[in-house]
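Participant: Got a sequence here, can you build the structure:
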Amino acid sequence: TYLYALAFVAAAFVGFSSIVVAIRQTIGVTLSRFQVLLARTDIELGFIVVGLSLLPMLLSLFALPHSLVLQTSSGIAALVLVLWLAFFAYRYRRATSATFPKLAWLHLALAMGVVIVLAWNAAVYPREPQVGLYALALSYVLAAAVDTFLHSTNVMLRQNKNGPSEGEATKPEVYISGWR
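Facilitator: Predicted coordinates for the structure are as follows:
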């Protein structure tokens, strides 16, 4: 039931994030390429959490053993997150010419730690896979998305209607946490 609840919370977060982006556009706020990247990040990570939260329930419909369901779900989640992180790094470079801020490297290390935990849960050696590790990993992904959303919203609230102030909303240093 926790994974169902997590999927629901992630879906609500995606909806709320989408509404905030739409309101920004409606009131005429000009978003930088970096802010657009962060808005997409919120929505993408939310949908990733929704899909990965529902994945074990989908797999269990095929009458697979519980351990195989968790192994497969963890392996797919690790693969999805590695691909997403690699693609995010590419899009980050396109949105800004700056390097990752120092604290962003810490968050990247935490994200890779989540991937390692998921891969270990998929391998299950020397024990059974744990649904708690899977749920904790997905919870971290959603928390990182919420963190990104809060930081990008904070910058948006500080800027005027004509767009970012001198370098304020385009500098990655403003966003010192989340998946950056």
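Participant: make it CA atoms for all contacts and neighbour counts henceforth
Facilitator: Noted.
Participant: Setting aside sequence neighbours, what's the nearest residue to residue 41?
Facilitator: Nearest non-adjacent residue to residue 41, counting by C-alpha to C-alpha, 6 or more residues apart in numbering: residue 145, 7.1 Å away.
Participant: What about the one you found, how many residues nearby?
Facilitator: 27 (other C-alpha atoms under 10 Å).
Participant: again, but for residue 68
Facilitator: Counted with other C-alpha under 10 Å, residue 68 comes out at 17.
Participant: circling back to that earlier point, if I look at the residue nearest to residue 41, how far off is residue 71?
Facilitator: Separation of residue 145 from residue 71 (C-alpha to C-alpha, to the nearest Å): 25 Å.
Participant: residues in contact with the residue nearest the centre of the chain?
Facilitator: With the centre of the chain defined as its mean C-alpha position, the nearest residue by C-alpha atoms, centre = their mean is residue 45, 3.3 Å away. Residues counted as contacts of residue 45 (C-alpha atoms under 8 Å, 6 or more residues apart in numbering) are 141, 142, 145.
Participant: can you rerun that using 10 Å?
Facilitator: For residue 45, the contacting residues are 10, 13-14, 51, 81, 84, 138, 141-146, 179, by C-alpha atoms under 10 Å, 6 or more residues apart in numbering.
Participant: could I get those residues as CSV with distance to residue 91?
Facilitator: Output for the contacts of residue 45, formatted as CSV (distance: C-alpha to C-alpha, whole Å):
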residue, distance to residue 91
10, 23
13, 22
14, 20
51, 22
81, 15
84, 10
138, 22
141, 18
142, 20
143, 21
144, 18
145, 16
146, 19
179, 13
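Participant: now these in a markdown table, with secondary structure?
Facilitator: Output for these, formatted as a markdown table (DSSP: H, G, I helix; E, B strand; the rest coil):
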| residue | secondary structure |
| --- | --- |
| 10 | helix |
| 13 | helix |
| 14 | helix |
| 51 | helix |
| 81 | helix |
| 84 | helix |
| 138 | helix |
| 141 | helix |
| 142 | helix |
| 143 | helix |
| 144 | helix |
| 145 | helix |
| 146 | helix |
| 179 | coil |
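Participant: can you tell me which of those lies nearest to residue 25?
Facilitator: Set against residue 25, the nearest of those by C-alpha to C-alpha is residue 14 (16.7 Å).
Participant: what separates that closest one from residue 40, distance-wise?
Facilitator: Applying C-alpha to C-alpha, the value for residue 14 to residue 40 is 10 Å.
Participant: just residue 52 next, same as before
Facilitator: 18 Å.
Participant: neighbour-wise, which of these two wins?
Facilitator: residue 52 (23 against 17).
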